[in-house]
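> Generate coordinates for the sequence data below:
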Amino acid sequence: MSPGTRAKGSKDDAPRSRRGSDEPPRSRQSPGDAPRSRRSPSLPALVLVVDDVADGREICAEYMLFRKYRVATAADGREALAQAFELLPDVILMDLSLPEIDGWEATRRLKGDERTRHIPIIALTAHALKSAHDEALAAGCDSVVTKPVMPRDLESEVRRLLDGRAAEGHRS
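Just a heads-up that it's a prediction; the model follows:
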């Protein structure tokens, strides 16, 4: 099976059309398996996309898959925490206005935990005011991107943070 294809009968075998917001998000991991933050250089980075709006989550996830990242998704802050602790993604794209636990609080919890504090978090927000950006950075986000965002600009920010993290790893 070539990278980016799915095995028959897998969770991802379902049609890739837009899903209603009441349908639970599915986890996507392609190409490669065993997603861990300490991945081998041959595995693409794992991106956790967190957004309560199904269309936004789907668009972002599909673009990241298209650009050859592995992708997992979450629809609220509680699910984001569970996915982050289980998968240890390489970067998290975190919407801030989420049900259950908002993105600010989810970020604080992730940055406060030894297992996940090293994971770069990019806040994705429609809040354009500087105060919202400052609050996201104060919560622990490594970067803030205002929606709507061009997919290639979002990928550039993901790459910038991943490259910075790789450079830090070479220094230690």
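> buried stuff in the longest helix seen in the chain?
Secondary structure assigned by DSSP state H gives helix 151-171 as the longest helix of the chain. Neighbour counts using 16 or more other C-beta atoms under 10 Å place 154, 155, 157, 158, 161, 162, 165 of helix 151-171 among the buried residues. Just so you know, the C-beta spots here come from the backbone N, C-alpha and C atoms, and that holds for glycine as well.
> show me the contacts for the residue positioned nearest the centre of the chain.
In the chain, the centroid-proximal residue (C-alpha atoms, centre = their mean) is residue 48; its distance is 2.5 Å. By C-beta atoms under 8 Å, 6 or more residues apart in numbering, the contact list for residue 48 reads 71, 72, 73, 74, 80, 83, 84, 87, 89, 91, 92, 93.
> Three-state assignment for the third one, please.
Three-state call for residue 73 (DSSP: H, G, I helix; E, B strand; the rest coil): strand.
> The last one too?
Using three-state DSSP, the three-state assignment for residue 93 comes out as strand.
> quick one on the thing from earlier: can you list the contacts of residue 48 in JSON lines and add neighbour count, pLDDT and distance to residue 99?
Formatted as JSON lines, the contacts of residue 48 follow (neighbours: other C-beta atoms under 10 Å; pLDDT from 0 to 100; distance: C-beta to C-beta, whole Å):
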{"residue": "71", "neighbour count": "27", "pLDDT": "98", "distance to residue 99": "21"}
{"residue": "72", "neighbour count": "23", "pLDDT": "98", "distance to residue 99": "18"}
{"residue": "73", "neighbour count": "24", "pLDDT": "98", "distance to residue 99": "15"}
{"residue": "74", "neighbour count": "27", "pLDDT": "98", "distance to residue 99": "11"}
{"residue": "80", "neighbour count": "31", "pLDDT": "98", "distance to residue 99": "11"}
{"residue": "83", "neighbour count": "21", "pLDDT": "98", "distance to residue 99": "15"}
{"residue": "84", "neighbour count": "25", "pLDDT": "98", "distance to residue 99": "17"}
{"residue": "87", "neighbour count": "21", "pLDDT": "97", "distance to residue 99": "21"}
{"residue": "89", "neighbour count": "27", "pLDDT": "98", "distance to residue 99": "21"}
{"residue": "91", "neighbour count": "25", "pLDDT": "98", "distance to residue 99": "23"}
{"residue": "92", "neighbour count": "31", "pLDDT": "98", "distance to residue 99": "17"}
{"residue": "93", "neighbour count": "27", "pLDDT": "98", "distance to residue 99": "17"}
